[in-house]
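Trainee: What follows is a predicted structure for the sequence shown.
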Amino acid sequence: MSLRIAQAKSPDFVGKEVKIRGWVYRLRKQKENAFVLVRDDRGGVIQCIFPATSVAGLTIESSIEVTGVISQDARAPEGGYELKGREVRTYNIAGADYPIGEYQSDELLLDKRHLSLRTRRMVAIAKIRASVLDLGRRWFVDNGWMEVTAPIIVKGAVEGGSTLFKLKYFDQEAYLSQSAQLYLEAMIFSLGPVWSITPSFRAEKSRTVRHLAEFSHLEAEAPWVTLEDILGVQEKLVSHVIQNTIKQNAEELAYLKRDVTDLKKIEPPFERLSYNKAIEILKSKGFTVTEQDGSKREIRVGDDLNIDSERELTKDAGKPIFVIGYPIAVKPFYVKEDPEHKGTGLAADLLAPKGFGEITSGGMREDDIVSITERIKKEGLDPAAYDWYLDLRKYGSVPHGGFGLGIERLMRWITNVDDIKDTVLFPRTMSRVAP
Ligand code: ATP
Ligand code: MG
């Protein structure tokens, strides 16, 4: 039976013969001995020593099974254990032109992502990602939310029409889903608080370090809630995921050189900042916005916040900030208007500190049939495409709300990788659909 490398690196096996399976990660041949770093398929790495002659012909990424004796030596790389190889069985001798070496351009690593997934950096990121997804799921399950699955092929836009991916669906036109929200709204009337993690698709035309064309969207929706309830869920969820990820993945985060001191402080409550106050702060700092014709003017109430203003607001913050009460004009049609402050939406975006930007967006949904029909029309959308959605306001409407969190946005903050493309194994952007 073969062991995982992490298991074999234990005092229990010192002096004993073990079998490990893996791939040649680095290879150094000297006159008498060859030093072969072997990696397995869960990130384990160990140095194996062989007589040079027994590994002639071995190449990087060849798949092998090694039988040998474990020894402990403080000087050995990879944690003080090594394996004195007695026998090596080769499954496949890898082509000598393996394209991934120690120093590679980001573009090449993306072009060869099917191979660069084997790098320790990508393995570390994949493990952190698995934790983030698992912890998010567990939080919902443990707090009584029900997991659901919404369709990916849909007829109606949720966000702006400009980012819709069109699809020929038999003899009609359909779209790839931008968000599961409208479907989750339909579910809460019989299922109560629900959540899902589904891919969302957005034809993002600008190149940024925080937009993908396909991302993992964690969405939640519940009946009989208030805006404050929805904010409470988000701050608890985000804190839970972060605190446990930094514990479970300390090794991987250290490998990525992520100093987690700031993440340790992420605990509820998060600051609530009104949109109006946010604009005031930005104004006092002389913040400007660029008009379509390229001219600049002072930021004012009514403007949406962009990445630059989000960075300015959060650059000195230790914790995420909820910005509450955006003008409904900059928010989608389903955002509920605050009955006490006309023109303002009962909605909030959660901005991660230090300029990582928006990670969630949520709030109360418009539950009045007349208002929502007007808003759909105002956005230039066809109410007929939303007939089923309008039924939810016609038959037993209730106050309800929810939010959507971009898993890759949260990942980018936790890992501090430069580009969101590195938070996902096979990124999709305007210029990349392969591998
Ligand atoms: P932004 O203003 O940053 O484009 P948005 O307002 O379009 O975000 P929402 O439609 O509110 O975002 O989506 C909810 C969440 O989904 C966002 O808070 C973000 O975490 C995530 N998200 C949105 N678009 C993308 C994308 N293209 N790539 C990755 N994550 C995204
Ligand atoms: Mg967007």
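Mentor: The structure has been received and is ready for your questions. Ligands and ions are numbered 1, 2, ... in the order given.
Trainee: Make sure I have this right: Asp229 is in a helix.
Mentor: Yes - counting by DSSP: H, G, I helix; E, B strand; the rest coil, Asp229 is part of a helix.
Trainee: dump the residue contacts of it.
Mentor: Going by CB atoms under 8 Å, 6 or more residues apart in numbering, Asp229 touches 222, 401. From N, CA and C alone the C-beta is placed, and that goes for glycine too.
Trainee: Could you do Gln47 as well?
Mentor: Here Gln47 is in contact with 35-38, 76-78, 82-83 (CB under 8 Å, 6+ apart).
Trainee: Residues touching the helix or strand containing Arg412, excluding its own?
Mentor: When elements are assigned from DSSP states H and E, Arg412 belongs to helix 407-415. Outside helix 407-415, the residues within contact range by CB under 8 Å, 6+ apart are 125, 128-129, 132-133, 136, 197, 209-210, 212, 215-218, 238, 241-242, 245-246, 253, 256, 258, 263, 352, 356-359, 417, 419-420, 422-424.
Trainee: Mind listing what's buried along the worst-scoring helix or strand of the chain on mean pLDDT?
Mentor: Among the helices and strands of the chain, strand 288-290 carries the lowest confidence by mean pLDDT, DSSP states H and E, at a mean of 88. Within strand 288-290, the residues that qualify as buried are Val289, counting by 16 or more other CB atoms under 10 Å.
Trainee: In the sheet, which strands lie alongside it, parallel or antiparallel?
Mentor: Taking DSSP bridges as the criterion, strand 288-290 forms sheet pairs with strand 296-298 (antiparallel).
Trainee: Output the contacting helices and strands for the helix or strand following the partner strand.
Mentor: Next helix or strand after strand 296-298 toward the C-terminus (DSSP H and E): helix 307-314. Packing partners of helix 307-314 (3 or more CB pairs under 8 Å, 6 or more residues apart in numbering; DSSP states H and E): helix 275-284, strand 321-324, strand 347-352, strand 357-364.
Trainee: And for Ser2, the neighbour number?
Mentor: Other residues within reach of Ser2, judged by other CB atoms under 10 Å, total 15.
Trainee: same question, the one 10 residues further on
Mentor: Counted by other CB under 10 Å, the residues lying close to Asp12 total 10.
Trainee: Can I take it that it is in a helix?
Mentor: Yes - Asp12: assigned to a helix according to three-state DSSP.
Trainee: Numbering from 3 from now on, please.
Mentor: Done: numbering now begins at 3, and the last item shifts to Asp14.
Trainee: what does the model give it for pLDDT?
Mentor: Looking at Asp14, its pLDDT stands at 95.
Trainee: Likewise for Asp42?
Mentor: 97.
Trainee: distance of it from Val20?
Mentor: Distance, Asp42 to Val20, by CB to CB, to the nearest Å: 12 Å.
Trainee: sorry, back to before: I'd like the helices and strands packed on helix 309-316 written out as a markdown table, with distance to Arg91 added.
Mentor: Listed next are these as a markdown table, based on distance: least, CB to CB, whole Å:
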| stretch | distance to Arg91 |
| --- | --- |
| helix 277-286 | 63 |
| strand 323-326 | 57 |
| strand 349-354 | 48 |
| strand 359-366 | 48 |
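Trainee: Looking at these, which is nearest to ligand 1?
Mentor: Nearest of these to ligand 1, taken as CB to the nearest ligand atom: strand 359-366 at 3.0 Å.
Trainee: which residues sit against the following helix or strand past the closest one?
Mentor: Later in the chain than strand 359-366, the nearest helix or strand by DSSP H and E is helix 371-380. With contact meaning CB under 8 Å, 6+ apart, helix 371-380 is reached by 330, 335-336, 339, 368, 384-385, 388, 392, 395-396, 399.
Trainee: repeat that for 7 Å
Mentor: Residues from elsewhere that reach helix 371-380, judged by CB atoms under 7 Å, 6 or more residues apart in numbering: 335-336, 339, 368, 385, 388, 392, 395-396.
Trainee: List the buried residues for that helix?
Mentor: By 16+ other CB under 10 Å, the buried positions in helix 371-380 come out as 374-375, 377-378.
Trainee: The closest residue to Arg131 other than its chain neighbours: how many residues sit nearby?
Mentor: For Arg131, ignoring the flanking residues on the chain, the nearest one in space by CB to CB, 6 or more residues apart in numbering is Met413 at 5.9 Å. Neighbour count of Met413, defined by other CB under 10 Å: 23.
Trainee: Need the per-residue pLDDT for Met413.
Mentor: According to the prediction, Met413 has pLDDT 98.
Trainee: Same question for the one 10 residues further on.
Mentor: Confidence at Lys423, expressed as pLDDT, is 97.
Trainee: and the stretch 103-252 of the chain, which residues reach ligand 1?
Mentor: 161, 204, 206, 213-214, 217, 219 (CB under 6 Å from any ligand atom).
Trainee: hmm, 8 Å instead?
Mentor: Contact residues, the stretch 103-252 of the chain versus ligand 1 (CB under 8 Å from any ligand atom): 160-162, 165, 180-181, 202, 204, 206, 212-215, 217, 219.
Trainee: Stretch 36-46 spans what distance, first to last residue?
Mentor: End-to-end span of stretch 36-46 (CA to CA, to the nearest Å): 20 Å.
Trainee: Go through it and flag the buried ones.
Mentor: Within stretch 36-46, the residues that qualify as buried by neighbour count (16+ other CB under 10 Å) are 36-42, 45-46.
Trainee: Over to stretch 132-141?
Mentor: 133-135, 137-139, 141.
Trainee: Would you point out the most distant pair within the buried residues of stretch 36-46?
Mentor: Across these, no pair lies farther apart than Ala36 and Gly45, at 23.0 Å, counting by CB to CB.
Trainee: so is the nearest residue to Gly364 once chain neighbours are set aside in a helix, a strand, or just coil?
Mentor: Distances taken as CB to CB, 6+ apart place Phe405 nearest to Gly364, at 2.4 Å, with adjacent residues excluded. When classified by three-state DSSP, Phe405 comes out as strand.
Trainee: For this protein, just list every one of the helices.
Mentor: Ranges of helices in the chain, per DSSP state H, are 7-10, 108-113, 115-118, 122-144, 183-193, 229-250, 252-257, 263-266, 277-286, 309-316, 371-380, 389-396, 409-417.
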